[in-house]
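Asker: pasting a predicted model and its sequence here:
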Amino acid sequence: PSVLIAIGVLLYGVLMWRLSMVLSRALIQSIRRKHRIRQLAHRLERQRHDAVQASRSAARFLAAASHDLRQPATSLGLLSALIRERCKDPSLMPLITAIDRAATTISELLASLLDLSRLESKTTKPQLEWLSIDDLFESLREEFTPRAAQGGVALVVVSAPIRVLADRILLMRLLRNLLDNAIRFTDRGAITLAVAIGDGCVLSVTDTGIGIAPGDLQRIFDEHVRIASSQRRSPPGLGLGLAMVRRIAELLEAQVSAHSDGSSGSRFELAFLAEKVAIDTRAGDTPDTPLRTTDPPRAVQHTESRALLVEDDPDVARALQSLLEARGWRCDVASDATDAFARLSAGGSWTLLLTDYSLHGRPDGMALALAARLLRPGLACLLLSGDTSAELQRHVIDHGLRLVHKPVTEQVLLGAIQNLEASPR
C-alpha cells in the first residue's frame, strides 16, 4: 500500500505541475493579450484623435480658402459689369463678354470644388426637419424662372401638399444643382420640377434637352465626369455638380437616379422613404397658387439711399462701392467692425448695412449686424461671405439675417437688396 500511495502522490504531483504550467501559460497569454488590446485601443484612440484634428484642419482650410479665393472673383465679376455698362466702344463688347464668362466659370468652379471638398471631409452634418414641398418649390420657382427664361426655356412647377424630413439647406442645394444642369443642357422646350407621391415620394427634375446615353447614366454621378455628345462638346467645368448631388443624397438617406433614352431629354429623381414623408396639414388653409413668372432684379436707382459698406479687402470694397454708387446709393466704407459700429453709434442716415461676415479673419460681420439691428431697428442688414457651409447658413437664418455668397453678381446683389427693402424688419 505504501508503494501505491507513493505512486499516487507522484502522479498527483505531476498532474498538478502540468496543470500549473498550463494555467501559467494561459495567464501569461491573457496578460499579453490584454496588453496588446490596450496598445491597440491606445493606437486607435490616437488615430481617432488625429482624424478629428485633420477634419477640423480641413474645415478651417476650406473656410479660409473659400473666403480668400472668392474675394478676387467677386471683384472681377462686379468690375466687369461696371465696365460693360460704361463702355461705349462696340468692338470691346466681345472681350467684356469673354471676361464675364470667365468670371462666371471661376465662380462656379470654386463653388463646386470647395463644396464637394467640404462634403468629402465629413464636416457637414444634416439638420433634419419637416420641410414643406410647396414652400421649397415656390422658392425655387422664383429663383429659376428668370434664369430659365434667359435660356429660352419655360420652368414648370408641379407641387403637392406634403412634407419631407430633410435638411433644408442641403436639399435646396441638391435641387439647385439639378436645375442648373437642366438649364445648361436645354436649349428649347421646358424644364419640370415635380413631386410624385406613392410609397414615399419622389422629387424630380425633367428637361427636354439633348439627353444622356444609357451607358453614361451611372457614371455621371462620379467626380470629374463630363459627358459630351454629337450635339454638344464637353461642357465646361470640373464635372462635380452631380457628384455633389450624390453626396448630399447619401447624407439625406435618399436615393438619386437618372433616366434618359439618350435622345429626348433626361429626368433626375430623388426618392424618399415613406417614413420621411408626411401630409402637409397647412395646405388646406390657402388656395392653390397659379404658376407665375418673376422678373429679374432691375437696376433701381436709389437717389436718396445711403449704405454703410464694411469690407476688409480693398479691391472688393472698391468694386462694391462703385456698383452701389452707379445705382444711385451714397456709399460710405469701413474696413472693420469697430470703425463701422462707431459710425453707426455717432449717427447717420444709413438705410443699408452691407458687411462681409469674416473681417480680418474673425466673424465680426455677424456681431456687427446683430448690434446694428439693436441700435437701429429699421436698418436693413445684408451679410456677404465666401463660406457656403450649411452650418453658417443656419447660423445666419437662426438670427433672422440675410446672407449672400461670394462671388456675387450684380443681379444677385441688387435682388437681395430689393428683397430686404420689400420685407418687413
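Answerer: On my side now, so go ahead.
Asker: what pLDDT is listed against residue 43?
Answerer: Per-residue confidence (pLDDT) for residue 43: 89.
Asker: and the helices in the stretch 101-250 of the chain, which stretches?
Answerer: 133-150, 168-184, 241-251 (DSSP state H, counting those that start in this stretch).
Asker: worst-scoring helix or strand of this structure, pLDDT-wise?
Answerer: helix 93-120 (a mean of 71; mean pLDDT, DSSP states H and E).
Asker: if we can go back for a sec, residue 100 is nearest to which of the helices of the stretch 101-250 of the chain?
Answerer: Nearest of the helices of the stretch 101-250 of the chain to residue 100, taken as CB to CB: helix 133-150 at 13.3 Å. C-beta coordinates here come from the backbone N, C-alpha and C atoms, glycine included.
Asker: by contact count, what packs against the closest one?
Answerer: Here helix 133-150 touches strand 154-158, strand 162-166, helix 168-184, strand 190-198, going by 3 or more CB pairs under 8 Å, 6 or more residues apart in numbering; DSSP states H and E.
Asker: ok, back up a step: where among the helices of the stretch 101-250 of the chain is the average confidence lowest?
Answerer: In terms of mean pLDDT, the lowest-scoring of these is helix 241-251 (a mean of 85).
Asker: nearest spatial neighbour of residue 371, skipping sequence neighbours?
Answerer: Of all residues not flanking residue 371 in the chain, residue 341 sits nearest, at 6.1 Å (CB to CB, 6 or more residues apart in numbering).
Asker: pLDDT at the one you found, what is it?
Answerer: pLDDT, read off for residue 341, is 92.
Asker: next: residue 34.
Answerer: 90.
Asker: report how many residues lie close to it.
Answerer: By other CB atoms under 10 Å, 10 other residues sit near residue 34.
Asker: what helix or strand is it located in?
Answerer: Using DSSP states H and E, residue 34 maps to helix 2-86.
Asker: what's that helix packed up against?
Answerer: helix 93-120, helix 314-326, helix 410-422.
Asker: can I get those helices in CSV with distance to residue 212 and mean neighbour count?
Answerer: Shown next, in CSV, are those (distance: least, CB to CB, whole Å; neighbours: other CB atoms under 10 Å):
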stretch, distance to residue 212, mean neighbour count
helix 93-120, 19, 17
helix 314-326, 39, 19
helix 410-422, 29, 17
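Asker: and those helices as CSV, adding distance to residue 211?
Answerer: Output for the helices and strands packed on helix 2-86, formatted as CSV (distance: least, CB to CB, whole Å):
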stretch, distance to residue 211
helix 93-120, 23
helix 314-326, 40
helix 410-422, 30
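Asker: nearest to residue 263, out of those helices?
Answerer: Closest to residue 263 of the helices and strands packed on helix 2-86 is helix 93-120 (CB to CB; 27.3 Å).
Asker: circling back to that earlier point, of the helices and strands packed on helix 133-150, which is nearest residue 89?
Answerer: Distance to residue 89, taken as CB to CB, is lowest for helix 168-184 among these, at 30.6 Å.
Asker: quick one: the closest one to strand 154-158, angle?
Answerer: Relative orientation of helix 168-184 versus strand 154-158 (axes from the mean of the first three to the mean of the last three CA atoms, to 10 degrees): 140 degrees.
Asker: any weak-confidence spans in the stretch 201-350 of the chain?
Answerer: 223-240, 282-304 (pLDDT under 70).
Asker: quick one: the strands in it?
Answerer: Applying DSSP state E, counting those that start in this stretch to the stretch 201-350 of the chain gives strands spanning 255-259, 266-272, 277-279, 306-310, 330-334.
Asker: now the ones you listed in CSV, please, with extra columns for mean neighbour count and distance to residue 31.
Answerer: Listed next are those as CSV, based on neighbours: other CB atoms under 10 Å; distance: least, CB to CB, whole Å:
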stretch, mean neighbour count, distance to residue 31
strand 255-259, 16, 50
strand 266-272, 21, 53
strand 277-279, 15, 56
strand 306-310, 22, 65
strand 330-334, 18, 68
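Asker: with distance to residue 321 added, can I get those in CSV?
Answerer: Listed next are the strands of the stretch 201-350 of the chain as CSV, based on distance: least, CB to CB, whole Å:
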stretch, distance to residue 321
strand 255-259, 43
strand 266-272, 41
strand 277-279, 48
strand 306-310, 6
strand 330-334, 5
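Asker: nearest to residue 352, out of the ones you listed?
Answerer: Of all those, strand 306-310 sits nearest to residue 352, with 4.2 Å by CB to CB.
Asker: hmm, back to that, show me the one of the strands of the stretch 201-350 of the chain that comes nearest residue 365.
Answerer: The closest of the strands of the stretch 201-350 of the chain to residue 365 is strand 306-310. By CB to CB, the value is 6.7 Å.
Asker: list the strands paired with that closest one, with their directions.
Answerer: Strand pairing for strand 306-310, determined by DSSP bridges: strand 330-334 (parallel), strand 352-356 (parallel).
Asker: sorry, back to before: now the helices of the stretch 101-250 of the chain as TSV including distance to residue 27 and mean neighbour count?
Answerer: What follows is those, written out as TSV (distance: least, CB to CB, whole Å; neighbours: other CB under 10 Å):
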stretch	distance to residue 27	mean neighbour count
helix 133-150	65	17
helix 168-184	55	21
helix 241-251	48	21
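Asker: make CSV out of the ones you listed and add distance to residue 356.
Answerer: Converted to CSV, the helices of the stretch 101-250 of the chain look like this (distance: least, CB to CB, whole Å):
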stretch, distance to residue 356
helix 133-150, 23
helix 168-184, 20
helix 241-251, 25
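Asker: so for residue 398, which of those sits nearest?
Answerer: helix 168-184 (11.9 Å).
Asker: packing partners for that closest one?
Answerer: Under the contact criterion of 3+ CB pairs under 8 Å, 6+ apart, helix 168-184 touches strand 129-132, helix 133-150, strand 190-198, strand 200-207, helix 241-251, strand 266-272, helix 390-398.
Asker: what angle do the fourth one and strand 154-158 make?
Answerer: Here strand 200-207 runs at 170 degrees with respect to strand 154-158, directions being taken by the same axes, to 10 degrees.
Asker: could I have stretch 384-396 exported to PDB, CA atoms only?
Answerer: C-alpha atoms of stretch 384-396 as PDB (Å, rounded to 0.1, in the frame of the first residue of the first chain):
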ATOM      1  CA  LEU A 384     -21.600  88.600 -47.600                       C
ATOM      2  CA  SER A 385     -19.500  85.500 -47.300                       C
ATOM      3  CA  GLY A 386     -17.400  83.100 -49.300                       C
ATOM      4  CA  ASP A 387     -18.200  80.400 -46.800                       C
ATOM      5  CA  THR A 388     -21.000  78.300 -48.300                       C
ATOM      6  CA  SER A 389     -21.300  75.800 -45.400                       C
ATOM      7  CA  ALA A 390     -24.700  74.700 -44.300                       C
ATOM      8  CA  GLU A 391     -23.700  75.500 -40.700                       C
ATOM      9  CA  LEU A 392     -23.100  79.200 -41.500                       C
ATOM     10  CA  GLN A 393     -26.400  79.500 -43.400                       C
ATOM     11  CA  ARG A 394     -28.300  78.000 -40.500                       C
ATOM     12  CA  HIS A 395     -26.500  80.300 -38.100                       C
ATOM     13  CA  VAL A 396     -27.500  83.400 -40.100                       C
END
